[in-house]
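>>> Mind folding the following:
(chains A, B, C and D)
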Number of protein chains: 2
Amino acid sequence: MAIAGDSLRVRLEDVARAASVSPKTVSRVLNDEANVSDATRKRVLASMEAMDYRPHPSARSLAGNRSFLVAMLYDNNDNPASTYLAEIQDGVLEACDEHRYSMMVRPLRMRGDDFIRRLDALISDHHPDGVVLTPPITDYAPLLKRLRERNVPYASVSPMLRNGVIGVTMDEQAAARAIVEHLLALGHRRIAHVIGIADHGASRWRLAGYREAMAAAGLPEDSELVVQGGLRSAPVSPPRANSLRWSSGPLPCSPPTTTWPPVSWNARRASSTR
Amino acid sequence: MAIAGDSLRVRLEDVARAASVSPKTVSRVLNDEANVSDATRKRVLASMEAMDYRPHPSARSLAGNRSFLVAMLYDNNDNPASTYLAEIQDGVLEACDEHRYSMMVRPLRMRGDDFIRRLDALISDHHPDGVVLTPPITDYAPLLKRLRERNVPYASVSPMLRNGVIGVTMDEQAAARAIVEHLLALGHRRIAHVIGIADHGASRWRLAGYREAMAAAGLPEDSELVVQGGLRSAPVSPPRANSLRWSSGPLPCSPPTTTWPPVSWNARRASSTR
DNA sequence: CTGAAAGCGCTTACAG
DNA sequence: CTGAAAGCGCTTACAG
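Below you'll find the predicted structure:
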């Protein structure tokens, strides 16, 4: 009886023999390195395909000193919207797959004094090549500081402070404005705004967009129509918003500020010493 | 500039030197193996602690031929309740942490003819030591068959067919019955039941429990009060259930059928050849 | 453009 | 109860 899924492992060395090249050459092809003739590359690729070769991730990590691992960090205490996190998670996963990275998810509650220790343990235990941050920990200064100290690249989803941060954002303000303008165009005048989690930058920008559109339409702000929604730590009853209805129609949003994975991750690595 | 998080790695060998023992002995302590004197074990543990030693997961995987990885498989197409999946995910994660396993999540849509190929790729690429299945793929025969063929242990959350399967279930029928009985005790008589995703065993058992309680109370079944809810593939409007209210109070549920991780995983491994 | 040698940090299989 | 040697499957650093 063989170990799970390990009956007949094909190794890089086997591919090399089949293609009549050295292991190093197969490694070059595997990693898209230069200095391989087209003919050789083609031959190696054919052998890999024919033998259904799959590089062993642990061997690659150990020898190459990189984990091919992205850790997604979230605070499921301060961000109760699991649907939101699930969508981000699926997106990160998809991107990781494309680049042949694996992904791990880590709930990391900001509250609690051992936050940094748990972050350190995560890094030491799993050596992620990079981490993805979700609101609100995108803006938690001690976290960012520690990641920089330990030289772990990070990308942020919708961070509040965008300067110099790699990540994905959209123009929340313009989007909120567009929603309100859409409702205005439909003839509505009493338009409410439910404020999101206060710690999130998106909440502020959306409120600003709402106010902007209302003001532009000459409508005075009605404090009754602007309410704080969203859970913080203790569950509260959801805001009464029965009068709100979704409208269909496209929303303008700016493209992500960067592609993923961040180009600079490779750059960083290239300039590293072992 | 050092590689991310890798400035001053402490290796098993370093611990061995500090504790004046061989690497093999440290390995024994690390893996809770027998044949180490208490004094030696204590000394090694002290050194590990003092040096904040963290075994390198890739080295362990490569040499030991096990990944310390559990893959959680789900179908986020047929199971639209991301909150449900998120809760399971957090639970699996917690259990993995306790046992020093890492976890990866994998959406795996049943529809699509390349299902098995994607499963194979997952196994070959990541070598999970075991997988956790969530409804409805807990009962997808081709999946289970392939897992057995490739000798990958699996545990199922609330599977429809429980015979011989390792996993976690609760007495859904008794729980539904208890809910209905609670409502009956409050004096209600018009009690509706929204049927869950038809593929899930839980949906059937809950319906059975509802019917049981209603019948026991001598109430005839009103077909208007039993409606199919839940999304399948195409989104439909949610069932009208405004008359339903949550009641508080404890629900009876049987303990999980097994502990986690399944004992048999280790047994399986022990009987394996390399 | 290609390859031989050494090494990553652990565990296995064996010996005592 | 303890350890010396070999090896897991890759990559690095170097040589040509």
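>>> Pull the contacting residues for residue A:29.
By Cβ atoms under 8 Å, 6 or more residues apart in numbering or on different chains, the contact set of residue A:29 is A:36, A:40-41, A:44-45, A:48. Every residue, glycine included, has its C-beta placed from N, CA and C.
>>> Swap in 10 Å and give it another go.
The contact partners of residue A:29, by Cβ atoms under 10 Å, 6 or more residues apart in numbering or on different chains, come to A:12, A:15-16, A:19, A:21, A:36, A:40-45, A:47-48.
>>> now swap in residue A:137 and tell me
By Cβ under 10 Å, 6+ apart, the contact set of residue A:137 is A:73-75, A:78-79, A:108-110, A:115, A:119, A:143-144, A:156, A:159, A:199.
>>> Check pLDDT for those residues and point me to the minimum.
Within these, residue A:79 has the lowest pLDDT, namely 58.
>>> And the strands in the stretch 101-250 of chain A?
Assigned strands in the stretch 101-250 of chain A, in chain order: A:102-107, A:130-133, A:154-157, A:167-168, A:193-195, A:226-228 (criterion: DSSP state E, counting those that start in this stretch).
>>> which one of the ones you listed has the most crowded surroundings?
Highest mean neighbour count among these (mean count of other Cβ atoms under 10 Å in any protein chain shown): strand A:130-133, with a mean of 25.
>>> so what does it touch, helix or strand wise?
If contacts are counted by 3 or more Cβ pairs under 10 Å, 6 or more residues apart in numbering or on different chains; DSSP states H and E, strand A:130-133 sits against strand A:69-74, helix A:82-98, strand A:102-107, helix A:115-126, helix A:141-149, strand A:154-157, strand A:167-168, helix A:263-270.
>>> closest to residue B:65 out of these?
Closest approach to residue B:65 among the helices and strands packed on strand A:130-133 is made by strand A:102-107 (18.4 Å; Cβ to Cβ).
>>> quick one: strands adjacent to the closest one?
Strand A:102-107 has its sheet partners listed here by DSSP bridges as strand A:69-74 (parallel).
>>> quick check: angle from the partner strand to helix A:141-149?
Counting by axes from the mean of the first three to the mean of the last three Cα atoms, to 10 degrees, strand A:69-74 lies at 170 degrees to helix A:141-149.
>>> Let me know whether strand A:69-74 sits next to DNA strand D.
No - judged by Cβ under 7 Å from any atom of the strand, strand A:69-74 stays clear of DNA strand D, getting no closer than 14.7 Å.
>>> quick one: that strand to helix A:115-126, angle?
Strand A:69-74 and helix A:115-126 meet at an angle of 160 degrees, taking the same axes, to 10 degrees as the criterion.
>>> got the CA coordinates for strand A:69-74 in CSV?
Extracted in CSV, the C-alpha atoms of strand A:69-74 (Å, rounded to 0.1, in the frame of the first residue of the first chain):
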residue,chain,number,x,y,z
LEU,A,69,2.6,30.5,-0.6
VAL,A,70,0.4,33.5,-0.2
ALA,A,71,-1.3,34.0,3.1
MET,A,72,-4.6,35.8,3.2
LEU,A,73,-5.0,37.6,6.5
TYR,A,74,-8.4,38.7,7.8
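>>> chain center to that strand: distance?
Chain-centre distance of strand A:69-74: 8 Å, with Cα atoms, centre = their mean, to the nearest Å.
>>> go on, stretch A:47-63?
Per Cα atoms, centre = their mean, the centroid offset for stretch A:47-63 relative to its chain is 26 Å.
>>> Now it: buried residues?
A:47-48, A:53-58, A:60-62 (16 or more other Cβ atoms under 10 Å in any protein chain shown).
>>> do the same with stretch A:20-31
Using 16+ other Cβ under 10 Å as the burial criterion, the residues of stretch A:20-31 that qualify are A:21, A:25-30.
>>> Those also near DNA strand C: which ones?
Residues of the buried residues of stretch A:20-31 in contact with DNA strand C (Cβ under 7 Å from any atom of the strand): A:21, A:25, A:28.
>>> Is the residue nearest to residue A:147 when sequence neighbours are not counted bridged to anything, and to what?
In space, and not counting its chain neighbours, residue A:147 is closest to residue A:154: 5.1 Å by Cβ to Cβ, 6 or more residues apart in numbering or on different chains. Legend: beta-bridge partners of residue A:154 under DSSP bridges are residue A:131.
>>> Surely residue A:154 and residue A:132 touch.
Yes - in this structure, residue A:154 is within contact of residue A:132 by Cβ atoms under 10 Å, at 7.2 Å.
>>> which residues do the two both contact?
Joint contacts of residue A:154 and residue A:132 (Cβ under 10 Å, 6+ apart) are A:70-71, A:73, A:138, A:166-167.
>>> which among those gets closest to chain B?
residue A:71 (10.0 Å; Cβ to the nearest Cβ).
>>> ok, the residue nearest to the closest one when sequence neighbours are not counted to DNA strand C distance?
Spatial nearest neighbour of residue A:71, chain neighbours left out: residue A:128 (4.0 Å); criterion: Cβ to Cβ, 6+ apart. Computed as Cβ to the nearest atom of the strand, to the nearest Å, the residue A:128 to DNA strand C distance reads 16 Å.
>>> Equivalent analysis for residue A:199, please.
From residue A:199 to DNA strand C the distance is 38 Å (Cβ to the nearest atom of the strand).
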